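> Turn this into a structure:
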Amino acid sequence: MINIGVIGCGKISLVRHIPEYSTNPNVELVAYYDLNNERSEAFSDHYGGKSYSSWQSMLEDSSIDAVSVCTPNWTHAEITIAALESGKHVLCEKPMAMNLAECESMVAAAERSGKFLMIGQNQRLAKAHVRARELIERGLIGDIITFDTKFGHNGPEKWSVDPGSNTWFFDKEMAGIGAMADLGIHKTDLIHYLTGQTIVEVTAKLDTLNKKSSDDKFIELDDNAFCIYKLSGGALGTMHASWTFNGQEDNSTIIYGTTGIMKIYTDSDYTIEIHRSDGEKEYYVTDRIQTNDDQTKSGIIDLFIKSIVNNEPPSISGQEVLKSMRAVFGAIESSERGCTVFLDQK
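You can find the predicted model right below:
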């Protein structure tokens, strides 16, 4: 059995990490920590295990094999590095960290420790995305020319475990980045996954258009991010992340190829549509995309545990996600400087 500790008992732990761990036959939930001790104790009472008074004391427990880091963004690097150095595998929620240096330090700590570092980029595991990648690799729409991907909902203040305008997602010190880090990282990483290419140039505009804090002032973080990405294979496309889709969530992607168009999660009946240049159409039904109001099993937890059981590095490793984080930080730099940023994708 893999003994698991969960650091941070907010909404993502409530709806994903803890319930998914609890149904994995190779897992025993043994440890919980949260700044709000009542939350960690509630999970301890319900699932069994111990509530710790600090994350440091949890990491001192040598009986714990791995941890999920589900805390606010600004703590990801410190806790992850400490956990790896204490001999534990780590599943860290996105975004990896507050800056590229922290992300690289996390990867280096994993390499030094010989433990696995996995990042919760669950869009790679959505069944339609897995199928779409297979179809693209088969050449069903030819070579990729352009793409358009979106992820938008009505904001984290509606979903957070502490809902309202005082959510930590709106706090610049705790979150660092707004919609770009919350949602944009998902679709940035997805473009890497679907295309098999790497983002090498970014032109972006991040802005605060609507969200306000409790004092009725605009938040200091972006609530919308608009990016133009150039891929290593020459394709050019757009990514829009938004906290201001005040209606139905949009988590769609459209890929335009030399012999057809692929639409993913754009239709309520079909998860993938192929419109070929010869007039033929193909339709696929795989699953439904997760939304804030309709959480389904992500697959992230099972993949993390499978990696540990089989002693195989996870496909969504910290090293793999670094290229997506470079694009995110490149987008921030592009917006601040008002120019295209060329990425050093090592």
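> Quickly list the domain ranges of the protein.
Listed by automatic domain parsing, the domain ranges of the chain are 2-122+300-316, 123-294+323-342.
> May I see the ones you listed arranged in a markdown table, with mean pLDDT and mean neighbour count as well?
The C-beta positions use only the backbone N, C-alpha and C, and glycine is treated the same way. Shown next, in a markdown table, are the domains of the chain (pLDDT from 0 to 100; neighbours: other Cβ atoms under 10 Å):
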| stretch | mean pLDDT | mean neighbour count |
| --- | --- | --- |
| domain 2-122+300-316 | 97 | 20 |
| domain 123-294+323-342 | 94 | 18 |
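> Got the phi and psi for the most centrally placed residue in the chain?
With distances taken as Cα atoms, centre = their mean, residue 121 lies nearest the centre of the chain, 3.6 Å away. Main-chain torsions, residue 121, degrees, to the nearest 10: phi -90, psi 80.
> swap in residue 164?
Dihedral angles (degrees, to the nearest 10) for residue 164: phi 120, psi 180.
> Which residue, other than its chain neighbours, is closest to it?
residue 157 (5.7 Å; Cβ to Cβ, 6 or more residues apart in numbering).
> isn't the one you found right up against residue 169?
Yes: counting by Cβ atoms under 8 Å, residue 169 is a contact partner of residue 157 at 7.0 Å.
> show me what contacts the residue nearest to the centre of the chain?
94, 185-186, 189-190, 316, 321, 324 (Cβ atoms under 8 Å, 6 or more residues apart in numbering).
> how about 10 Å then?
93-96, 185-186, 188-190, 192-193, 300, 315-316, 320-321, 324 (Cβ atoms under 10 Å, 6 or more residues apart in numbering).
> Tell me where the stretch 201-346 of the chain has helices.
300-310, 318-337 (DSSP state H, counting those that start in this stretch).
> Check which helices and strands the shortest one sits against.
The helices and strands touching helix 300-310, judged by 3 or more Cβ pairs under 10 Å, 6 or more residues apart in numbering; DSSP states H and E, are strand 2-7, helix 18-22, strand 27-33, strand 66-69, strand 89-92, strand 117-119.
> Arrange the ones you listed in TSV, one row each, with distance to residue 58 as further columns.
What follows is the helices and strands packed on helix 300-310, written out as TSV (distance: least, Cβ to Cβ, whole Å):
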stretch	distance to residue 58
strand 2-7	5
helix 18-22	15
strand 27-33	5
strand 66-69	7
strand 89-92	12
strand 117-119	17
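> wait, what's in contact with the residue of the chain positioned farthest from its centre?
Centroid-distance maximum for the chain: residue 278 at 36.6 Å, with Cα atoms, centre = their mean. Applying Cβ under 10 Å, 6+ apart to residue 278 gives the contacts 259-260.
> returning to that earlier point: please report how far the residue nearest to residue 164 lies from residue 16.
Going from residue 157 to residue 16 by Cβ to Cβ, to the nearest Å gives 19 Å.
> The stretch 1-150 of the chain: helices as residue ranges?
Counting by DSSP H, counting those that start in this stretch, the helices of the stretch 1-150 of the chain are 11-12, 18-22, 37-47, 55-59, 76-85, 100-113, 127-137.
> who touches the shortest one?
The contact list for helix 11-12, computed with Cβ under 10 Å, 6+ apart, reads 6, 18, 68, 70-71, 93-94, 120, 156, 159-163, 167, 292, 295, 298.
> if you set the cut-off to 8 Å instead, what comes out?
70, 93, 120, 159-161.
> Pipe these into a markdown table and attach distance to residue 145 per row.
Listed next are the contacts of helix 11-12 as a markdown table, based on distance: Cβ to Cβ, whole Å:
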| residue | distance to residue 145 |
| --- | --- |
| 70 | 39 |
| 93 | 34 |
| 120 | 31 |
| 159 | 35 |
| 160 | 39 |
| 161 | 42 |
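> Tell me the one of these nearest residue 77?
residue 93 (12.3 Å; Cβ to Cβ).
> before we move on, the earlier item: dump the helices of the stretch 201-346 of the chain into CSV; add distance to residue 126 as well.
Listed next are the helices of the stretch 201-346 of the chain as CSV, based on distance: least, Cβ to Cβ, whole Å:
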stretch, distance to residue 126
helix 300-310, 11
helix 318-337, 16
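> Which of those helices sits closest to residue 201?
helix 318-337 (8.3 Å).
> quick check: angle from the closest one to helix 76-85?
160 degrees (axes from the mean of the first three to the mean of the last three Cα atoms, to 10 degrees).
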